[in-house]
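S.K.: give me the fold of what follows.
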Amino acid sequence: MSALPREELRGLFLFEHLSEAQLDWIAANAVLEEYEGDSVVIREGDEATCFYVLLTGAIRMTRLVSGTEVETNRSDQRGAYFGATQFFVHQDTDHRYGASVRALSDVTFLALPSQEFSVEFRRWFPMATHLLEGMYLGWRNSDTVIGSRRRLLALGELSAGLTHELNNPAAAAVRATSALRERVAGMRHKLAYLAKKDIDPELLDQLIDVQERLVKQVVQAEKLTAMQQADREDEIGDWFDDHGIDGGWDLADIYVRAGLTTADLDNVLEQVGDTFMDGAVRWLAYALETEMLMGEIEDSTTRISALVGKAKQYSQMDRSPHQWVDVHDGLDSTLVMLAGKIGDGVRVVKEYDRGLPKIPAYPAELNQVWTNIIDNALGAMGGEGTLTLRTWGENDQVRIEIGDTGPGIPDDIKPRIFEPFFTTKPVGEGTGLGLDISFKIVVERHQGDLRVESEPGNTRFEVCLPTEEQASL
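M.R.: Modelled structure (predicted):
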């Protein structure tokens with residue numbers, strides 16, 4: 001099909017300042033292409049052969065991110081362009097379409113062959129071509145270097161936070177294991193001591209029964225205050241003194257932590273008698289401490305396993321990109337990953353409605369949203385304040401509010417916070433892309449909404465996500 005006449009070409013904003021000869025070249029080399037609604041115009045990764053200008057209709061542009069199609073733009077503006085937009089870069093470069101474009105309605109395009117257009121463009125605008133090419137190549141190279149560095153730094157921060165959280169239970173497990181080895185050795189020695197005393201086998205059976213009964217009480221031991229702990233130790237220490245057991249004050253702490261009382265010791269005395277009471281008490285102390293150490297190891301390893309599970313939940317390792325999810329899982333796993341940044345000066349308040357339904361979502365992408373918003377909140381508070389996470393349901397949506405007690409967002413800045421590359425952080429500390437990416441994930445990817453309310457001491461980001469599958473855009 002023949003291209004547009006010169007007069008119509010000049011009506012397109014791209015060509016309005018071209019000379020008559022340049023417009024004639026466009027008219028002679030461009031062709032009109034028509035596509036039906038819902039048809040594919042170009043595919044990401046295919047060889048970039050044409051520079052397209054939209055004349056009529058509406059289009060949708062998408063890119064593949066980790067195997068998932070993400071919409072980046074849609075337009076019905078006459079004169080909007082796409083396709084081989086880097087045609088001005090040196091011709092030896094392998095040009096590929098950077099995105100896919102699909103027609104949302106019947107559309108008409110003006111299509112220019114990119115190679116021929118590149119030659120003419122360089123001849124028409126030699127200086128502009130050099131500037132554009134330098135800017136494009138410089139941006140691409142710096143973006144590659146800085147982007148890689150930024151991702152490594154972000155990964156390092158998250159890894160540091162996770163490592164910090166893993167270190168405490170891991171160290172506790174190591175300490176408990178070392179102590180357990182000593183206590184087991186002590187039990188063997190005490191058993192040998194009792195055997196040398198020619199203890200009656202029937203009495204030994206009774207002692208073992210007492211041991212099993214007391215050990216079972218360890219898991220049911222109540223948590224005592226410092227005052228209650230001290231009072232209980234005094235009682236048991238006095239009991240040991242009254243019954244002639246040397247060093248009883250050192251044993252009292254073990255018996256109290258195990259949840260035993262003087263009544264339990266009276267029962268042991270009744271079972272084994274005065275002759276073997278000293279050895280029995282010390283042997284039982286080893287058994288009780290061994291049980292408590294094993295419980296400590298179990299608690300520590302369980303916590304490590306839970307932290308690893310949260311890390312897998314955050315990264316969505318071994319999970320499908322799209323699934324029905326509980327938003328609380330993502331919020332909690334993000335808090336774990338950012339634990340190193342939260343610090344002791346920040347109080348985290350969770351006001352979760354656990355009765356909320358699961359929602360259809362891309363959880364790994366939502367975790368990016370939680371990370372960006374929470375990280376900004378922590379940065380705004382400067383290590384001191386309250387971070388509040390609240391969830392509730394409203395109008396077939398799950399609402400997630402993340403609030404902080406920082407200085408707030410000034411009114412003149414608030415309308416711009418979702419703009420790409422806009423940041424209030426010092427040079428080198430922020431890219432201005434976190435909230436822009438979050439907005440696109442929530443609004444374009446999940447057909448939800450992201451809004452903010454802010455005043456000094458009370459900034460709240462509210463994420464609204466639909467509870468039902470939405471029609472694909």
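
S.K.: for the closest residue to Gly57 other than its chain neighbours, give its distance to His243.
M.R.: Once its chain neighbours are removed from consideration, Gly57 has its nearest residue in Val107; the separation is 3.0 Å (C-beta to C-beta, 6 or more residues apart in numbering). (Each C-beta comes from the backbone N, C-alpha and C, glycine too.) With distances defined as C-beta to C-beta, to the nearest Å, the gap from Val107 to His243 amounts to 96 Å.

S.K.: neighbour count winner among the two?
M.R.: Comparing Val107 with His243 by other C-beta atoms under 10 Å, the one with more neighbours is Val107, at 23 against 15.

S.K.: was I right to think that one contacts Tyr52?
M.R.: No: using C-beta atoms under 8 Å, Val107 and Tyr52 do not qualify as a contacting pair, with a distance of 9.7 Å.

S.K.: give me the common contacts of these two.
M.R.: Applying C-beta atoms under 8 Å, 6 or more residues apart in numbering, one finds that Val107 and Tyr52 are jointly contacted by Val41.

S.K.: quick one: the helices in this structure?
M.R.: With DSSP state H applied, the chain shows helices at 6-10, 20-29, 114-124, 126-196, 201-218, 226-242, 248-257, 262-272, 277-315, 327-337, 339-342, 363-381, 434-439, listed in chain order.

S.K.: how far is the first one from where the chain is centred?
M.R.: A distance of 52 Å separates the C-alpha centroid of helix 6-10 from that of its chain, computed with C-alpha atoms, centre = their mean, to the nearest Å.

S.K.: and for stretch 215-228?
M.R.: A distance of 37 Å separates the C-alpha centroid of stretch 215-228 from that of its chain, computed with C-alpha atoms, centre = their mean.

S.K.: stretch 122-130 too?
M.R.: Relative to the centre of its chain, stretch 122-130 is centred 46 Å away, using C-alpha atoms, centre = their mean.

S.K.: endpoint to endpoint, that stretch covers what distance?
M.R.: Taking C-alpha to C-alpha, to the nearest Å as the measure, stretch 122-130 stretches 8 Å from start to finish.

S.K.: likewise for stretch 105-116?
M.R.: Criterion C-alpha to C-alpha; first-to-last residue distance in stretch 105-116 is 29 Å.

S.K.: and for stretch 338-357?
M.R.: The first residue of stretch 338-357 is 26 Å away from its last residue (C-alpha to C-alpha).

S.K.: please work out the average pLDDT along it.
M.R.: Summarised as a single mean, pLDDT over stretch 338-357 is 88.

S.K.: that one: which residues count as buried?
M.R.: For stretch 338-357, the buried set under the neighbour-count rule, 16 or more other C-beta atoms under 10 Å, comprises Leu338, Ala339, Gly340, Lys341, Ile342, Val346, Tyr352, Leu356.

S.K.: so who does the last one touch?
M.R.: Spelled out, it's Leu356. Contact analysis of Leu356 by C-beta under 8 Å, 6+ apart lists Asp326, Val327, His328, Thr391, Trp392, Gly393, Val398.

S.K.: can you pull the contacts of the second one?
M.R.: Meaning Val327. With C-beta under 8 Å, 6+ apart as the criterion, the residues that contact Val327 are Leu356, Ile359, Ala361, Leu366, Thr391, Val398, Ile400, Leu465.

S.K.: my guess is the second one meets Pro466, correct?
M.R.: Spelled out, that is Ile359. Yes: Ile359 sits in contact with Pro466 when judged by C-beta under 8 Å, with a separation of 6.9 Å.

S.K.: the two: which is more packed in?
M.R.: With neighbours defined as other C-beta under 10 Å, Ile359 and Pro466 compare such that Ile359 has more, 21 against 17.

S.K.: that one and Asp396, how far apart?
M.R.: Here the criterion is C-beta to C-beta. By it, Ile359 lies 10 Å from Asp396.

S.K.: nearest to Ala48, of the helices of the chain?
M.R.: helix 114-124 (6.0 Å; C-beta to C-beta).

S.K.: that closest one - what's its average pLDDT?
M.R.: Per-residue scores along helix 114-124 average to 88.

S.K.: which elements pack onto that helix?
M.R.: Helices and strands touching helix 114-124, as assessed by 3 or more C-beta pairs under 8 Å, 6 or more residues apart in numbering; DSSP states H and E, comprise helix 20-29, strand 50-56.

S.K.: which positions within it qualify as buried?
M.R.: Residues Ser114, Phe117, Ser118, Phe121, Arg122 are the ones in helix 114-124 that count as buried (16+ other C-beta under 10 Å).

S.K.: I'd say Cys464 and Asp449 touch.
M.R.: Yes: in this structure, Cys464 is within contact of Asp449 by C-beta under 8 Å, at 4.2 Å.

S.K.: any common contacting residues for the two?
M.R.: Both Cys464 and Asp449 are contacted by Val442, under the criterion C-beta under 8 Å, 6+ apart.

S.K.: more neighbours, these two?
M.R.: Neighbour comparison, Cys464 and Asp449: the larger count goes to Cys464, with 19 against 15 (by other C-beta under 10 Å).

S.K.: any idea what that one is bridged to?
M.R.: Judged by DSSP bridges, the bridge partners of Cys464 are Arg399, Asp449.

S.K.: that one: what's it in contact with?
M.R.: For Cys464, the residues meeting the contact criterion (C-beta under 8 Å, 6+ apart) are Gln397, Val398, Arg399, Val442, Gly448, Asp449, Leu450, Arg451.

S.K.: list the contacts for the first one?
M.R.: Pointing back at Gln397 there. Taking C-beta under 8 Å, 6+ apart as the criterion, Gln397 is in contact with Gly448, Cys464, Leu465, Pro466, Thr467.

S.K.: how near is the third one to Gln115?
M.R.: Leu465 sits at a distance of 46 Å from Gln115 (criterion: C-beta to C-beta).

S.K.: swap in the fourth one?
M.R.: In this view, Pro466 and Gln115 are 45 Å apart by C-beta to C-beta.

S.K.: ok so, going back, now, of the contacts of Leu356, which are buried?
M.R.: Buried subset of the contacts of Leu356 (neighbour count, 16+ other C-beta under 10 Å): Asp326, Val327, His328, Thr391, Val398.

S.K.: Serialize those to JSON lines and add fields for pLDDT and distance to Tyr286.
M.R.: Conversion of those to JSON lines gives the following (pLDDT from 0 to 100; distance: C-beta to C-beta, whole Å):
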{"residue": "Asp326", "pLDDT": "92", "distance to Tyr286": "45"}
{"residue": "Val327", "pLDDT": "92", "distance to Tyr286": "48"}
{"residue": "His328", "pLDDT": "92", "distance to Tyr286": "43"}
{"residue": "Thr391", "pLDDT": "96", "distance to Tyr286": "48"}
{"residue": "Val398", "pLDDT": "94", "distance to Tyr286": "53"}
